[in-house]
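J.: The sequence isn't on hand, but the structure is:
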């Protein structure tokens, strides 16, 4: 029993430290400029651990415009390796609010789903595309049928595993988007 209590206390302390780091970094994020690409990532109720930070790091690497966070109060920014300072974050209480905001900006939304009817490598993405990534275990917080303008999308897989880690799936999606909508490489430093 004492070991279980110590483990709970350590988990709570780690969560509290992550919250502290988040709120310190959040102030810096308010100054972040949109990335060069119109690409938007939507994180739908993800766990506040390492995946969110990794997605911010990848969004920075691929010059994403911004990352929308649905139903998330905070996350541990440490795995972002500073990228949370450079990629704007927008927070929404519900997916419906995020959905409406992106549609108002003329975005086409794609929700990653293992049973998605469209295959990533067969879709020609509009330039203003937003990709919704669901919770690591529970998936999307909404039913696709309730949002007919959100297109279901899946990453073709050929092994026995049913799905990819959410941060890996996000990286694959961002890469495919930029393959279709390439940016000019940054000028070489002298």
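T.: Alright, I've got the coordinates. Quick caveat: nothing in here was measured; it's all calculated off a predicted structure.

J.: Just give me the residue right at the centre of this structure.
T.: Nearest to the geometric centre of the chain sits residue 43, at 4.0 Å (Cα atoms, centre = their mean).

J.: what residues are up against it?
T.: 52, 55, 67-70, 72, 133 (Cβ atoms under 8 Å, 6 or more residues apart in numbering). The way it works is simple: take the backbone N, C-alpha and C, and place the C-beta from them, glycine included.

J.: For residue 55, see how far away residue 101 is.
T.: For residue 101, the distance to residue 55 equals 19 Å [Cβ to Cβ, to the nearest Å].

J.: of those two, who's got more company?
T.: Taking neighbours as other Cβ atoms under 10 Å, residue 101 and residue 55 compare with residue 55 leading, 28 against 14.

J.: what's the distance between the helix ranked longest in the chain and the middle of its chain?
T.: Ordering each helix of the chain by length in residues (DSSP state H) puts helix 2-29 first. From the chain centre to the centre of helix 2-29 is a distance of 21 Å (Cα atoms, centre = their mean, to the nearest Å).

J.: residue ranges for the strands of this protein, please.
T.: Assigned by DSSP state E, the strands in the chain fall at 40-44, 66-70, 89-92, 108-112, 118-119, 129-133, 150-154.

J.: Direction included, what does the fourth one pair up with?
T.: In other words, strand 108-112. Take DSSP bridges as the rule and strand 108-112 pairs in its sheet with strand 129-133 (parallel), strand 150-154 (parallel).

J.: To residue 169, which of the ones you listed lies closest?
T.: Among these, the nearest to residue 169 by Cβ to Cβ is strand 129-133 (6.6 Å).

J.: neighbouring contacts of that closest one?
T.: Against strand 129-133 from outside (Cβ under 8 Å, 6+ apart): 38-44, 46, 55, 68, 95, 102, 107-112, 140, 150, 153, 166, 169-170, 173-174, 177.

J.: What average pLDDT does it get?
T.: Strand 129-133 shows a mean pLDDT of 98.

J.: okay, the angle between that strand and strand 66-70?
T.: With axes from the mean of the first three to the mean of the last three Cα atoms, to 10 degrees defining the directions, strand 129-133 sits at 40 degrees from strand 66-70.
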